[in-house]
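Q: A predicted structure for the sequence below; I have some questions about it.
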Amino acid sequence: MTTEENKFTNAGAAMSSWLPRGKIRKAIFLTLIILGVIGIVNGEKEMLIYFPIAACFSPRIVGEALYFFGRLRRWLSED
């Protein structure tokens, strides 16, 4: 199996996790979630932006979003 084939074989396993890989990415992800929760508790709506930013660190959320938009694009481009 070539490296290119191996990359695509492991793609499903990488997308199954909600948490990002790597300690630094997990720390950033959890920090953003905590900041968002603090914003909700304090009633500061501006801090809600931390949730979509944190979602960009999750391979599962990014994969699901791309899958959804791919299906939506196919549906919209049907004749």
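A: Cool, got the structure. Numbering: from 1, shown residues only.

Q: where along this structure do the helices fall?
A: With DSSP state H, the ranges of helices along the chain come out as 3-9, 11-15, 23-42, 50-55, 59-76.

Q: For those helices, give me CSV that also has mean neighbour count.
A: (C-beta placed from N, C-alpha, C; glycine too.) Listed next are these as CSV, based on neighbours: other Cβ atoms under 10 Å:
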stretch, mean neighbour count
helix 3-9, 9
helix 11-15, 12
helix 23-42, 14
helix 50-55, 16
helix 59-76, 12
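
Q: With mean pLDDT as extra columns, can I get these in JSON lines?
A: As requested, the helices of the chain are exported to JSON lines (pLDDT from 0 to 100):
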{"stretch": "helix 3-9", "mean pLDDT": "55"}
{"stretch": "helix 11-15", "mean pLDDT": "58"}
{"stretch": "helix 23-42", "mean pLDDT": "88"}
{"stretch": "helix 50-55", "mean pLDDT": "85"}
{"stretch": "helix 59-76", "mean pLDDT": "88"}
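
Q: Could you list which residues are in contact with residue 25?
A: The contact partners of residue 25, by Cβ atoms under 8 Å, 6 or more residues apart in numbering, come to residue 57.

Q: Also residue 29?
A: Residues near residue 29 by Cβ under 8 Å, 6+ apart: 19, 20, 54, 57, 58.

Q: Residue 35: which of those is nearest?
A: When the contacts of residue 29 are compared for distance to residue 35 (Cβ to Cβ), residue 54 wins out at 8.6 Å.
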